[in-house]
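1. no sequence on this one, just coordinates:
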């Protein structure tokens, strides 16, 4: 049976067509995606990688809420100019606790993978509330509501940490129990600042190229 | 029984509505990149959320509604049978539009799953899955009931759209809910990246390419009153397309923290993909050319034929950008945005507009209200696309080279902020281009509304069954 | 329009394209005359302007100007010239190749002349290369390009005797080719820059 006569059968039988499409379209994923997903070496945390603290986690979830990844990447490529500009290039192990990953696909603003420790908390706070106060030519939106809103207004931090624990993040019962208190008196501004300060810290002290 | 076409009219109207609203959101965010304070302090208008609203509305509001409208119209006519389970089709209409409305509102309110083109949170993912499976049942049910022996090629493409997008959506949306509006992805870090771009690239592949190729394969021969130029080419192109596209995802992750072999494989398969993509384009161009002698002057055809040119551009530019030595410059820059929009505006929007200019007069049983307005739309669209794409090419190549530029001492030459500031004029030009494109779409909405005004969808009966061609 | 198609027709071509198209519809200029008498000369303008502009002002991409060594600028300008000529020749030849399918005039000279008229505004507009500020060049040349595309749609049916419908189809097919050629040029350019023919970069 040659290809054309096989196809005569497929195009006269909707079940065969559906099955054919399913099989043919699955192959790529099975060969390319599945091995990566099943291979733990791509999900093993880097040495020294800490899981996000409650405040940092809240900041990360706000970062996702505001879709900051639309303009900011978190992935330093192993290119000379990039490493000179941002620091050591990104390794897979740094992102073991990133659900979802926030590598981004566009740099309207600078890459943030190694922004932790580069600016003071005060700088971040001024910048987030009004970017043009510190970078006059900036086109970043202002986030004045960060200062007006309490961190974890919905009181969901414990539930979120429990869910992450189910997915393998090493939060203990004590960590989760202490989380609401840790966010007491904090604003969203504190949370986002804390998250930004955590970025790239596991690689601090790594040798420059 | 007559064809069920009122559902086609309804989905078409929704598609036009979302096109205008989604592009308006796009023009607004383009303006925000020039004048960042026009979000006037409102979280819902903030760039990050509004851009997400823009992509959601144009892809899932405009794109999907247009695909379902044209898919339901063409599956009936290629099967010579009335739609299977029309009640379920109406459910899909309402469920889908409700999902877009509520989903869009949720994004403005801050619900966000954090993955590109899959930002709607888990309740909406479930709703999408239910609506999508229902659409599949209606579509394949109609095919199963067909009076024509062979399944026409446009239905293979719409079918691939349905099956593959279902697979992609389900896997990429796998997450554990923590609250009603917040879930965490099953996958993390590098693994999540590979899964996301397997989904993201094939959302482009099967939704924006495959589904619209289905549209092309039905509406182009219909318009040209000419069968597809090469049947064999269409078979080979289809299966090569379904097979190859899936592998291309990792070209979004060149020089990222994923294994080298995955990147290289993604690059090679992206290059191979050029062949089936262009095979279809050639098929389309040759079909129209064969009919050239008998064509009437028709704005609809102008749109569809030009869309093929942009299809050729986008499916060439894609593999080219997937080459690592080009990607080094283009990644993370405006060039990617230019590429996306040459495809989205030049291919997807133009072919849909052309198809609607063909379809709506037939649904209405009346001629198009104004061919002149449609011609003005054509030039507004073309001018808008060229302004958009060329300003983004200029910006993107500038960014790429400036970010990588070193001085004589081997240090980075230009600060990020300086390069960012240099992009502003390009953003302004892009805003103008997008505005022109939107203006054209508004003209179309007016034109189509006037064409249909005061009428009801015309009812048409399938041709009588042919014993020789029919199924037993 | 004089009987001979030459560089002296430039003014007519730019300011009265409709008359130029109608005249060309009745003529069959030899392809060599169109190329060596007209296209080659106007095709020389963009790389010439680019060379002069870059040597004097450097590439201005919105930040401090990037100055390149004279040898590099010359090489890039020469490559630009070759690319333009190749683009012109291939477009005209492809138009001739498509002529069979679209039942168009099969005169190669007419195809050359059509592409020359269509490309002339861009060649003249390239005077903006004298100040190689990237955005200003985009601002001037994109509307010029849109005008050229309009000329193609208007001129092709007249010059190549296709009638409006076939003319529209053939023009769209040519635009497909031109878009692909343009983006290929972009890709080849950045790939060459990455290999050292261009600004100093660190990949």
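-> Perfect, thanks for sending it. This is a predicted model, so every value here is computed, not measured. Residues are numbered from 1 along each chain as shown, chains lettered A, B, ... in the order given.
2. from here on, just use CA atoms for contacts and neighbour counts.
-> Fine.
3. let me see the contact set for the closest residue to chain B within chain A.
-> Per C-alpha to the nearest C-alpha, residue A:106 is where chain A lies closest to chain B, at 4.0 Å. Listed by C-alpha atoms under 8 Å, 6 or more residues apart in numbering or on different chains, the contact set of residue A:106 reads A:69, A:70, A:71, A:72, A:73, B:331, B:332, B:333, B:334.
4. part of a helix, is it?
-> No: Residue A:106 is assigned coil when assessed by DSSP: H, G, I helix; E, B strand; the rest coil, not a helix.
5. gap between it and residue B:396?
-> With distances defined as C-alpha to C-alpha, to the nearest Å, the gap from residue A:106 to residue B:396 amounts to 11 Å.
6. joint contacts of those two?
-> Shared contacts of residue A:106 and residue B:396, counting by C-alpha under 8 Å, 6+ apart, come down to B:333, B:334.
7. host element of residue B:178?
-> Secondary structure assignment for residue B:178, by DSSP states H and E: strand B:175-179.
8. now do residue C:192
-> helix C:164-194.
9. try residue B:392
-> For residue B:392, the element it lies in under DSSP H and E is helix B:371-404.
10. that helix to helix C:164-194, inter-axis angle?
-> Note on geometry: by axes from the mean of the first three to the mean of the last three C-alpha atoms, to 10 degrees, helix B:371-404 and helix C:164-194 are set 10 degrees apart in direction.
11. burial of residue 117, as a residue count?
-> Let's take chain A. Burial measure for residue A:117: 14 neighbouring residues, criterion other C-alpha atoms under 10 Å in any protein chain shown.
12. can you look at chain C instead?
-> Other residues lying near residue C:117 total 25 when counted by other C-alpha under 10 Å.
13. let's see the pLDDT reported for it.
-> Reading off the confidence values, residue C:117 has pLDDT 91.
14. how near is it to chain B?
-> Counting by C-alpha to the nearest C-alpha, to the nearest Å, the gap from residue C:117 to chain B is 20 Å.
15. give me the neighbour count for residue 11.
-> Answering for chain A, as no chain was given. Around residue A:11 sit 19 other residues, with neighbours defined as other C-alpha under 10 Å.
16. hmm, I had chain B in mind actually
-> The burial count assigned to residue B:11 is 28, neighbours taken as other C-alpha under 10 Å.
17. tell me which element it is part of?
-> Per DSSP H and E: residue B:11 is located in helix B:6-32.
18. averaged pLDDT, that helix. What do you get?
-> With pLDDT averaged residue by residue, helix B:6-32 scores 98.
19. still on that earlier bit, so which elements touch the helix or strand following the strand holding residue B:178?
-> Using DSSP H and E, the helix or strand that directly follows strand B:175-179 along the chain is strand B:182-185. For strand B:182-185, the elements it packs on are strand B:175-179, judged by 3 or more C-alpha pairs under 8 Å, 6 or more residues apart in numbering or on different chains; DSSP states H and E.
20. in chain B, what residue lies closest to chain A?
-> residue B:332 (4.0 Å).
21. residues in contact with that residue?
-> With contact taken as C-alpha under 8 Å, 6+ apart, residue B:332 is in contact with A:105, A:106, A:107.
22. three-state assignment of it?
-> Remark: residue B:332 carries the secondary structure label coil [criterion: three-state DSSP].
23. once you drop chain neighbours, what's closest to it?
-> Closest residue to residue B:332 apart from its sequence neighbours, by C-alpha to C-alpha, 6 or more residues apart in numbering or on different chains: residue A:106 at 4.0 Å.
24. where does residue 158 fall, secondary structure wise?
-> Picking chain A for this. With the criterion set as DSSP H and E, the secondary-structure element containing residue A:158 is helix A:157-166.
25. hm, I was asking about chain B
-> Under the assignment given by DSSP H and E, the secondary-structure element containing residue B:158 is helix B:153-172.
26. so which elements touch that helix?
-> Secondary structure elements in contact with helix B:153-172, counted by 3+ C-alpha pairs under 8 Å, 6+ apart, are helix A:14-28, helix B:64-79, helix B:122-144, helix B:189-202, helix B:212-224, helix B:231-245.
27. what's in contact with that helix?
-> So helix B:153-172 is contacted by A:17-18, A:21-22, A:25, B:71, B:74-75, B:125, B:129, B:132-133, B:136, B:139-140, B:195-196, B:198-199, B:202-203, B:206-207, B:210-211, B:213-218, B:234-235, B:238, B:242 (C-alpha under 8 Å, 6+ apart).
28. what angle separates it from helix B:189-202?
-> Relative orientation of helix B:153-172 with respect to helix B:189-202: 160 degrees, computed using the same axes, to 10 degrees.
29. pull out the buried positions in helix B:153-172.
-> B:153-166, B:168-170, B:172 (16 or more other C-alpha atoms under 10 Å in any protein chain shown).
30. report the contact partners of the residue sitting nearest the centre point of chain A.
-> Nearest to the mean C-alpha position of chain A, by C-alpha atoms, centre = their mean, lies residue A:102 at 2.9 Å. Residues in contact with residue A:102 (C-alpha under 8 Å, 6+ apart) are A:69, A:73, A:74, B:114, B:115, B:189.
31. that one belongs to a helix?
-> No: the assignment for residue A:102 (three-state DSSP) gives coil, which keeps it out of a helix.
32. please report phi then psi for it.
-> phi -130, psi 40 (degrees, to the nearest 10).
33. hmm, back to that, any part of the strand holding residue B:178 near chain A?
-> Yes: applying C-alpha under 8 Å from any C-alpha of the partner chain, one finds strand B:175-179 in contact with chain A at B:176, B:177, B:178, B:179.
34. stretch B:33-47 now?
-> Yes: applying C-alpha under 8 Å from any C-alpha, one finds that stretch B:33-47 is in contact with chain A at B:33, B:34, B:35, B:36, B:37, B:39, B:41, B:43, B:46, B:47.
35. and the buried ones among those residues, selectable in ChimeraX?
-> Here is the ChimeraX selection string for the buried members of those, based on 16+ other C-alpha under 10 Å:
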select /B:33,34,35,36,37,39,43,46,47
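36. for residue B:453, which of the helices and strands packed on helix B:153-172 is the nearest?
-> With distances scored as C-alpha to C-alpha, the stretch of the helices and strands packed on helix B:153-172 nearest to residue B:453 is helix B:64-79 (18.9 Å).
37. who does the lowest-mean-pLDDT helix or strand in chain C touch, helix- and strand-wise?
-> With mean pLDDT, DSSP states H and E as the measure, the helix or strand of chain C carrying the lowest mean pLDDT is helix C:10-15 (a mean of 82). Using 3+ C-alpha pairs under 8 Å, 6+ apart as the contact criterion, the secondary-structure elements in contact with helix C:10-15 are helix C:17-26, helix C:108-125.
38. the residue lying closest to residue A:161 once chain neighbours are set aside: how many residues sit nearby?
-> Closest residue to residue A:161 apart from its sequence neighbours, by C-alpha to C-alpha, 6+ apart: residue A:176 at 6.4 Å. As a burial measure, residue A:176 scores 20 neighbours (other C-alpha under 10 Å).
39. one more: residue C:70?
-> Other residues close to residue C:70 by other C-alpha under 10 Å number 12.
40. ok, residue B:324 next?
-> The local packing of residue B:324 (other C-alpha under 10 Å) involves 18 other residues.
41. quick one: contacts of stretch B:182-192?
-> By C-alpha under 8 Å, 6+ apart, the list of residues contacting stretch B:182-192 reads A:36-37, A:42-43, A:92, A:94-102, A:163-164, A:167, B:111-113, B:121-122, B:173-178, B:195, B:257-258.
42. now with 6 Å?
-> Outside stretch B:182-192, the residues within contact range by C-alpha atoms under 6 Å, 6 or more residues apart in numbering or on different chains are A:37, A:92, A:95, A:96, A:98, A:99, A:100, A:101, B:174, B:175, B:176, B:177.
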